[in-house]
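A.B. asks: here you go, sequence then predicted model.
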Amino acid sequence: MRIQVDEILNLSLKERLRLVGEIWDSIAASPEEIPLSVVQRKELDRRKREHRRNPSTAKPWSEIKARLDNRHR
C-alpha cells in the first residue's frame with residue numbers, strides 16, 4: 001500500500017493527530033518488535049538491575065504525571 005504524503009498533509013490537524021495516535025497504538029501493540037540499539041538495551045538492563053536492588057524508589061505513573069502536569073501550568 002502506498003500512502004501519499006500530500007493526502008496526509010491535507011488532513012485537518014485533528015485528523016492528523018488521530019492518525020498519529022492510531023499509528024502509535026499499532027506500534028505499541030507489538031513492543032517486542034521494536035528494535036533497540038545496544039546502548040538502549042544496556043540502559044534498560046541497568047534500570048532493571050537498579051529497580052531490583054531498590055524497588056521502593058519506583059513511583060507510580062499517576063504521581064509522575066501529576067508532577068509533570070504541575071510543571072507546565
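C.D. replies: The structure has been received and is ready for your questions.

A.B. asks: okay, now the domains of this structure?
C.D. replies: 1-34, 35-73 (automatic domain parsing).

A.B. asks: could you give me the average pLDDT of the last one?
C.D. replies: Domain 35-73 shows an average pLDDT of 93 in the prediction.

A.B. asks: go through it and flag the buried ones.
C.D. replies: The neighbour-count check on domain 35-73 (16 or more other Cβ atoms under 10 Å) flags nothing as buried. For the C-beta atoms, the positions are set from N, CA and C on the backbone; glycine is no exception.

A.B. asks: and it, how far out from the chain's middle?
C.D. replies: Between the centre of domain 35-73 and the centre of its host chain there is 12 Å, according to Cα atoms, centre = their mean, to the nearest Å.

A.B. asks: would you mark the buried spots in stretch 15-26?
C.D. replies: Buried-residue list, stretch 15-26, by 16+ other Cβ under 10 Å: empty.
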